[in-house]
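Engineer: the following comprises the amino acid sequence and a computationally predicted model.
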Amino acid sequence: MQTAEVIRGPVPQAKSFAAAKVKSKASSSRAKRAFDITFAFLLIAFLLPALLVIALLVKLDSKGPVIFRQKRSGLNGELFHIFKFRSMTCMEDGDSVRQAQAGDMRVTRVGRILRRTSLDELPQIFNILNGDMSFVGPRPHALSHDKVFAGQVADYDRRFEAKPGLTGLAQVRGFRGEIRETSDLTQRIEADIEYIDTWSFTKDIGIFFGTVKVVFGDRNAY
């Protein structure tokens, strides 16, 4: 699993995150949802030619579907399928999902560029339109990683008090990419919880536009 460097010993038993319905400000704000819908439509209209070109490049570069679908936990632990442009030769979605690492041979030629620039995440705009995600919120992990991480970080399941995001406070602070040390995980989760506890619409806007600088200057994405 991707967490081998962080967690040793047996993997904790599966944990259900579908707890009581929690209504945080970040999950119940009408302004946040209105922004998500409006900006998602605008982005799709603006980026449609680019999305079609990327889809063609993915298809021509390697065998497999253009879109990678994987189960993730959303608000209050409810499951949904996250969408990404396929960037690997494998389609892992089960009890064992190995994290991408530097020099990972599973990553395709086009996929390496997409992952470096985070363009592989663009199909999640449709997850946002569908209401499963928001532009800003805790980044969702693979289900198998949720089970492991929950046994390592206190209050891990508080992340599910908000919809998962295309970007988030943790990503703006540089806590993204491969998890090598326990501190890599705890810093990310602490930022997610801080975001939920201190949410404001103004902060969402700042995080959204602050992501652009991180994406083009980050060396942790591969």
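Structural biologist: Right, received. Where do you want to start?

Engineer: what about the strands in this protein?
Structural biologist: 67-73, 79-85, 134-136, 165-167 (DSSP state E).

Engineer: tell me which of the ones you listed sits most buried.
Structural biologist: For those, the largest average neighbour count (mean count of other CB atoms under 10 Å) is found in strand 134-136, namely a mean of 27. (Glycine included, C-beta is placed from N, CA and C.)

Engineer: other residues contacting that strand?
Structural biologist: Residues outside strand 134-136 that contact it (CB atoms under 8 Å, 6 or more residues apart in numbering) are 26, 32-33, 35-36, 39-40, 128, 162-169, 195, 204, 207-208.

Engineer: strands paired with that strand, and their directions?
Structural biologist: Its sheet considered, strand 134-136 pairs with strand 165-167 (parallel) by DSSP bridges.

Engineer: residues in contact with the strand it pairs with?
Structural biologist: So strand 165-167 is contacted by 121, 124-125, 128, 133-139, 207-208, 211 (CB under 8 Å, 6+ apart).

Engineer: same check on stretch 43-61?
Structural biologist: Stretch 43-61 is contacted from outside by 66, 85-87, 108-111, 114, 119, 122-123, 125-126, 129, using CB under 8 Å, 6+ apart.

Engineer: pLDDT weak spots in the protein?
Structural biologist: Applying pLDDT under 70 to the chain picks out residues 1-22, 91-103, 216-222.

Engineer: mind listing the helices for it?
Structural biologist: Listed in chain order, the helices of the chain (DSSP state H) span 25-28, 30-61, 109-117, 124-130, 143-150, 169-172, 182-197, 201-217.

Engineer: let's have the ones you listed in TSV, adding distance to Tyr156 and mean neighbour count.
Structural biologist: As requested, those are exported to TSV (distance: least, CB to CB, whole Å; neighbours: other CB atoms under 10 Å):
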stretch	distance to Tyr156	mean neighbour count
helix 25-28	17	18
helix 30-61	23	14
helix 109-117	25	19
helix 124-130	22	20
helix 143-150	4	20
helix 169-172	13	24
helix 182-197	6	18
helix 201-217	21	15
